[in-house]
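S.K.: Need coordinates for the below:
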Amino acid sequence: MPPAGPAGLRHARWWQRRAIRAAALVTLLALSGLVILALVREQTGTQGFLVGLGLATLPVPLLVTAFRWLQRVQPGPWRNLIFAFAWGACAAALIAIVANSFATRWIATATADPTSADTLGATVIAPIVEESAKAVAVLLVFLFRRREFTGIVDGVVIAGVTATGFAFTENILYLGSAFGTDQLNGETGIASVTAATFFVRVVMSPFAHPLFTVLTGIGFGVAALGADRQNWRRVLLPIAGLLLAMGLHALWNGSASFGDYGFFAVYATFMLPAFGLLTWLAIWTRQRALRVVRAELPAYAIAGWLTAPEPYALGTMRARTLARDYASYTQGKAAARAVAQYEAYATSLALLRHRGRRGKAGADFVARERELLHALWERREAARPALAYAARATAPVLVPMPPPYGYGHRRPYPQPYAQPYATQQPYAQPPHPYGHPYAQPAMPYPAYNPYRG
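M.R.: Residues are numbered from 1 along each chain as shown. I've put the predicted structure just below:
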């Protein structure tokens with residue numbers, strides 16, 4: 001270990017520097033991308049590669065947008081998503097192609113049965129190799145970007161984007177090879193192998209690889225929710241998620257050998273229900289984070305760090321969106337970015353306090369809390385007016401129900417223990433003067449329409 005203090009920083013080992021690590025990672029991914037590009041082009045040909053590239057690109061924006069949508073409550077940095085996609089498309093795909101080909105050839109040579117070797121490679125070797133290669137990206141983010149990996153949603157997003165990159169490269173290979181087969185056989189149109197491959201891999205099951213790897217991401221996400229001292233949980237839960245991912249992947253790959261309708265049976269019985277269940281889990285986790293925001297932030301409002309309407313506004317997606325739109329409309333895009341950052345920091349603060357109250361925060365809880373509060377304080381000038389407007393615009397309107405005989409009238413049948421008439425209260429109190437505790441008199445803000453140009 002280098003000595004403490006500035007001298008120790010000067011004598012730090014060169015491989016411990018962040019710039020060196022980043023450069024090494026970028027170089028590794030770039031070399032992997034060049035090698036995988038050459039391998040895929042060799043197997044598909046130039047024409048097949050271009051066709052496969054064009055068709056495989058279609059589901060990528062939709063999947064990345066869906067995963068980014070799940071992360072809107074607490075958006076992570078784009079660099080993590082870029083790394084995850086690049087790892088899946090380059091490094092994981094290269095590992096899978098090399099390892100699967102080597103293992104299949106070795107089994108075929110050892111058993112002298114190429115057909116059984118292909119089946120065993122697809123149902124056993126490929127799930128183990130591919131899911132392990134994709135899980136490395138989730139592991140690296142979990143270890144080296146721990147502050148940005150705080151729960152299940154982060155695990156789902158990182159794992160899903162990694163698998164999206166892997167499926168992108170794999171689809172280029174399969175679609176390009178199918179196009180080459182059609183060129184040799186002279187087939188075109190809907191009856192072609194390319195059309196069938198596109199329908200199965202891009203239309204029916206674009207979520208297949210993300211679905212498998214998301215199970216691994218959930219394991220890491222649940223481990224991230226536990227205390228740092230629970231080492232057994234941090235190890236066993238990701239392994240359990242990885243094993244589930246391998247099992248579902250093996251079932252999916254083996255469905256083709258279950259008979260004529262085995263593929264459709266597995267698709268309807270396992271894939272669609274699993275996809276629906278995991279989608280529900282991700283959305284429920286996102287709503288849970290909003291509930292935590294509404295429950296934890298009032299303590300900071302009482303202490304003076306936040307204004308009274310902010311916990312309500314930060315706890316609903318509608319108010320958050322309206323606050324960003326209002327800031328963009330009145331102060332420009334820079335203010336809208338500041339409001340978005342304010343919302344993200346406030347969410348991180350609420351989740352940090354929630355973990356701290358449950359005894360699951362790390363040793364740096366106080367320093368991290370102070371850092372987040374300072375980040376909020378720096379952005380308060382742009383965020384507070386926008387959030388105040390959003391709170392007033394989205395606050396529910398309370399319509400009081402008048403008593404059947406009006407305010408101040410005697411009850412027709414007094415109770416035996418009722419107070420004297422002079423001290424009796426009416427059935428309902430007069431309504432709040434502004435309709436809601438967060439509502440205020442008209443503020444001097446300009447008229448605002450979020451859909452106005």
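S.K.: residue ranges of the strands in this structure, please?
M.R.: In order along the chain, the chain carries no strands (DSSP state E).
S.K.: The longest helix seen in it: which residues count as buried?
M.R.: Using DSSP state H, we find that the single longest helix of the chain is helix 18-57. By 16 or more other C-beta atoms under 10 Å, the buried positions in helix 18-57 come out as 25, 29, 32-33, 35-37, 39-41, 44-45, 48-49, 51-53, 55-56. All C-beta atoms are positioned from the backbone trio N, CA, C, and that covers glycine.
S.K.: what helices or strands is that helix leaning on?
M.R.: With contacts taken as 3 or more C-beta pairs under 8 Å, 6 or more residues apart in numbering; DSSP states H and E, helix 18-57 sits against helix 78-86, helix 93-111, helix 152-185, helix 193-198.
S.K.: tell me the most buried of those helices?
M.R.: helix 152-185 (a mean of 25; mean count of other C-beta atoms under 10 Å).
S.K.: which strands and helices sit next to that one?
M.R.: Using 3+ C-beta pairs under 8 Å, 6+ apart, helix 152-185 sits against helix 18-57, helix 59-70, helix 78-86, helix 93-111, helix 126-144, helix 193-198, helix 208-225, helix 272-296.
S.K.: Now render those as TSV, adding mean pLDDT and distance to Arg357.
M.R.: Shown next, in TSV, are those (pLDDT from 0 to 100; distance: least, C-beta to C-beta, whole Å):
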stretch	mean pLDDT	distance to Arg357
helix 18-57	89	33
helix 59-70	92	25
helix 78-86	93	27
helix 93-111	87	42
helix 126-144	93	23
helix 193-198	90	51
helix 208-225	91	13
helix 272-296	89	8
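S.K.: Let's have the ones you listed in TSV, adding distance to Ser177.
M.R.: What follows is the helices and strands packed on helix 152-185, written out as TSV (distance: least, C-beta to C-beta, whole Å):
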stretch	distance to Ser177
helix 18-57	6
helix 59-70	18
helix 78-86	23
helix 93-111	13
helix 126-144	16
helix 193-198	8
helix 208-225	18
helix 272-296	27
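S.K.: related to what we said a few turns ago, including distance to Phe258, could the helices and strands packed on helix 18-57 go into CSV?
M.R.: CSV is the format used below for these (distance: least, C-beta to C-beta, whole Å):
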stretch, distance to Phe258
helix 78-86, 32
helix 93-111, 20
helix 152-185, 20
helix 193-198, 19
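S.K.: among those helices, which is nearest Leu140?
M.R.: Nearest to Leu140 among those is helix 78-86 (7.8 Å), distances taken as C-beta to C-beta.
S.K.: packing partners for the closest one?
M.R.: helix 18-57, helix 59-70, helix 126-144, helix 152-185.
S.K.: got the CA positions of that helix in CSV?
M.R.: The C-alpha trace of helix 78-86 is given here as CSV (Å, rounded to 0.1, in the frame of the first residue of the first chain):
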residue,chain,number,x,y,z
TRP,A,78,-25.2,6.8,-19.5
ARG,A,79,-21.6,5.6,-19.2
ASN,A,80,-22.8,2.5,-17.4
LEU,A,81,-25.4,1.7,-20.1
ILE,A,82,-22.8,2.3,-22.9
PHE,A,83,-20.4,0.0,-21.1
ALA,A,84,-23.0,-2.7,-20.6
PHE,A,85,-24.1,-2.6,-24.2
ALA,A,86,-20.5,-2.6,-25.5
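S.K.: any idea of the angle that helix forms with helix 208-225?
M.R.: Going by axes from the mean of the first three to the mean of the last three C-alpha atoms, to 10 degrees, helix 78-86 is angled at 140 degrees with respect to helix 208-225.
S.K.: surely Gly356 meets Phe365?
M.R.: Yes: using C-beta atoms under 8 Å, Gly356 is in contact with Phe365, at 5.2 Å.
S.K.: which residues touch the nearest residue to Pro206 once chain neighbours are set aside?
M.R.: Using C-beta to C-beta, 6 or more residues apart in numbering and skipping residues adjacent in sequence, the residue nearest Pro206 is Pro59, 4.0 Å away. Going by C-beta atoms under 8 Å, 6 or more residues apart in numbering, Pro59 touches Thr164, Ala167, Val202, Pro206.
S.K.: buried set for stretch 58-70?
M.R.: For stretch 58-70, the neighbour count (16+ other C-beta under 10 Å) marks Pro59, Val60, Leu63, Val64, Ala66, Phe67, Arg68, Leu70 as buried.
S.K.: Correct me if wrong: the third one contacts Gly160.
M.R.: Yes: the pair formed by Leu63 and Gly160 meets the contact definition of C-beta under 8 Å, at 7.1 Å.
S.K.: I'm done for today, thanks for sticking with me.
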